[in-house]
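# based on what follows, work out the 3D shape:
(one chain, ligands or ions: 1)
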Amino acid sequence: MRKETILLYSTYLKHRFGGRVHKISVDAGFGCPNRSNGRAGHGCVFCDSSGSAAVGIARQVGIAQQLEQAQELMRRKYRAKWFIAYFQPYSNTFAPPAQLRHCYDQALAVNNVVGLAVGTRPDCVDDAVLDLLAEYHRRTYFWLEIGLQSCHDRTLNYLRRGHDYACFLDAYQRAKERGLRVCVHLIIGLPGESRDDILHTAREMARLGVDGIKLHLLHVLQGTPLGDSFLAGEVKTLGMDDYVQLVVDVLECLPPHTLIQRLTGDGPRELLLAPLWSLNKWEVLNAIGAELERRRTRQGSHYPGTISRTCDV
Ligand code: SF4
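As a prediction, the model looks like this:
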């Protein structure tokens with residue numbers, strides 16, 4: 001993929017820090033308000049019992065140890081020099097501020113950790129939590145990652161997200177009032193969404209001028225309500241070519257200054273029901289690059305104008 005066609009987060013981090021920076025997913029043991037009993041029970045229809053965790057998190061050890069173990073691996077594999085601790089599975093603001101501070105501080109105390117990213121839900125960031133996150137924004141390189149998936153309330157209802165788009169807008173606005181960098185997670189290929197629906201969500205993100213975007217492909221996992229619907233023939237997933245076309249359509253709508261933090265996803269191989277082509281992540285990324293070339297297009301080519309920024313990424 002020609003780097004100049006997309007503002008890739010990995011490239012940006014390399015420039016900003018002067019060397020390779022990798023994110024390490026950390027499980028601090030938080031639950032999710034959208035699941036009964038924190039981690040048990042069903043929440044969003046697509047979410048498995050791991051709380052949408054990355055593959056390979058060493059959950060059985062403490063935060064510092066998780067980071068140290070993963071650093072070793074990433075140094076050898078990618079020659080990474082610095083690391084961002086990514087509080088990823090479930091909802092990483094779902095605890096009293098003092099407990100959150102204790103966890104975030106443990107991560108920041110680990111050698112070579114140069115920043116934090118905290119993933120959560122829009123209904124899990126009250127003012128006290130955002131005030132705490134703003135402290136970290138001043139102290140370190142900090143990202144708040146908010147799962148939205150779609151701006152359409154009918155889709156959010158179907159997904160059993162437990163919040164609507166207005167809830168996201170409120171959380172987003174309060175985060176930006178505090179100067180936080182915000183990365184929004186979207187899913188492409190959600191049941192019932194047309195290309196126009198997907199592009200409407202992309203244009204909404206462009207209108208807001210979000211600092212970062214993660215694009216996820218809808219994965220259907222065993223043991224989820226979505227998996228049951230898929231096995232009953234009620235849900236279809238995208239083909240690879242359709243996904244590639246939609247990703248490039250979305251990229252064209254986004255502002256040129258939005259950092260693209262993810263272009264696809266990798267679900268756990270042993271649980272993945274569909275689409276199986278997504279297991280070949282490099283093939284998908286190469287196809288997105290090839291489609292950008294074929295169209296002679298780039299991120300932001302359909303973006304109408306400049307929106308003022310509220311923080312410097
Ligand atoms: S909010 Fe996140 S952790 Fe909670 S059920 Fe939904 S996807 Fe899973």
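# interface residues of the stretch 101-250 of the chain facing the ligand?
For the stretch 101-250 of the chain, the contact set with the ligand under C-beta under 6 Å from any ligand atom comprises Arg121, Gly147. (C-beta placed from N, C-alpha, C; glycine too.)
# where along the stretch 101-250 of the chain do the helices fall?
127-139, 153-159, 165-177, 195-208, 225-231, 240-253 (DSSP state H, counting those that start in this stretch).
# list the buried ones in the fifth one?
Within helix 225-231, the residues that count as buried by 16 or more other C-beta atoms under 10 Å are Leu226, Gly227, Phe230.
# any chance of the residues you listed in TSV, plus pLDDT?
Below are the buried residues of helix 225-231 laid out as TSV (pLDDT from 0 to 100):
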residue	pLDDT
Leu226	97
Gly227	97
Phe230	98
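# re the thing from before, out of the helices of the stretch 101-250 of the chain, which comes closest to Leu116?
With respect to Leu116, and counting by C-beta to C-beta, the nearest of the helices of the stretch 101-250 of the chain is helix 127-139 at 5.9 Å.
# tell me the one among the buried residues of helix 225-231 nearest to the ligand.
Using C-beta to the nearest ligand atom, Leu226 is the member of the buried residues of helix 225-231 that sits closest to the ligand, with 11.0 Å.
# I'd assumed Asp48 was in contact with the closest one.
No. Leu226 is not in contact with Asp48 according to C-beta atoms under 8 Å; the separation is 9.6 Å.
# measure Arg59 to the ligand for me?
Look at Arg59 and the ligand: by C-beta to the nearest ligand atom, to the nearest Å, they are 14 Å apart.
# cool, Glu204 as well?
From Glu204 to the ligand the distance is 20 Å (C-beta to the nearest ligand atom).
# please name the residues that touch that residue.
By C-beta atoms under 8 Å, 6 or more residues apart in numbering, the contact set of Glu204 is Cys151.
# can you give me the pLDDT of it?
Listed pLDDT for Glu204 reads 98.
# for the one 5 residues further on, same thing?
The score at Gly209 is 97. That number is its pLDDT.
# quick one, phi/psi of it?
phi 70, psi 40 (degrees, to the nearest 10).
# look at the residue in the chain that the ligand sits nearest to and report its pLDDT.
Closest contact between the chain and the ligand, by C-beta to the nearest ligand atom, is at Gly43 (2.3 Å). Among the per-residue scores, Gly43 shows a pLDDT of 92.
# surely it is in a helix?
No. With DSSP: H, G, I helix; E, B strand; the rest coil as the criterion, Gly43 is located in coil rather than a helix.
# cross-check the contact I'm expecting between it and Ser50.
No. Taking contacts as C-beta under 8 Å, Gly43 lies outside contact range of Ser50: 11.7 Å.
# more neighbours: those two, which one.
Taking neighbours as other C-beta atoms under 10 Å, Gly43 and Ser50 compare with Gly43 leading, 25 against 17.
# now that one. Its backbone dihedrals?
Per-residue torsions, Gly43: phi -120, psi -110 (degrees, to the nearest 10).
# and Arg20, how many neighbours?
The number of residues packed around Arg20, counting by other C-beta under 10 Å, is 16.
# dihedrals phi and psi, it?
The phi/psi pair for Arg20 (degrees, to the nearest 10) is phi -70, psi 130.
# please apply the same query to the one 3 residues further on.
When read as degrees, to the nearest 10, the backbone of Lys23 gives phi -90, psi 140.
# so what's the residue count around it?
By the other C-beta under 10 Å criterion, the neighbourhood of Lys23 contains 21 residues.
# give me every residue that touches it.
Counting by C-beta under 8 Å, 6+ apart, the residues that Lys23 touches are Phe83, Ile84, Ala85, Tyr86, Ala117.
# ok, now Ile24?
Gln66, Leu67, Ala70, Gln71, Met74, Phe83, Ile84, Ala85, Tyr86.
# Pro225 now?
Contacts for Pro225 (C-beta under 8 Å, 6+ apart) come out as His42, Val45, Arg160.
# skipping adjacent residues, who's closest to the first one in space?
The one in question is His42. Nearest non-adjacent residue to His42, counting by C-beta to C-beta, 6 or more residues apart in numbering: Pro225, 5.9 Å away.
# any idea how far Asp153 is from the one you found?
As judged by C-beta to C-beta, to the nearest Å, Pro225 and Asp153 stand 19 Å apart.
# flag the shaky bits of this protein, pLDDT-wise.
The chain contains residues with pLDDT under 70 at 1-3, 37-38, 40-41, 51-58, 305-313.
# do that again at 50, thanks
Along the chain, segments meeting pLDDT under 50 span 306-313.
# where do the strands of the stretch 1-150 of the chain begin and end?
21-26, 82-87, 113-120, 141-149 (DSSP state E, counting those that start in this stretch).
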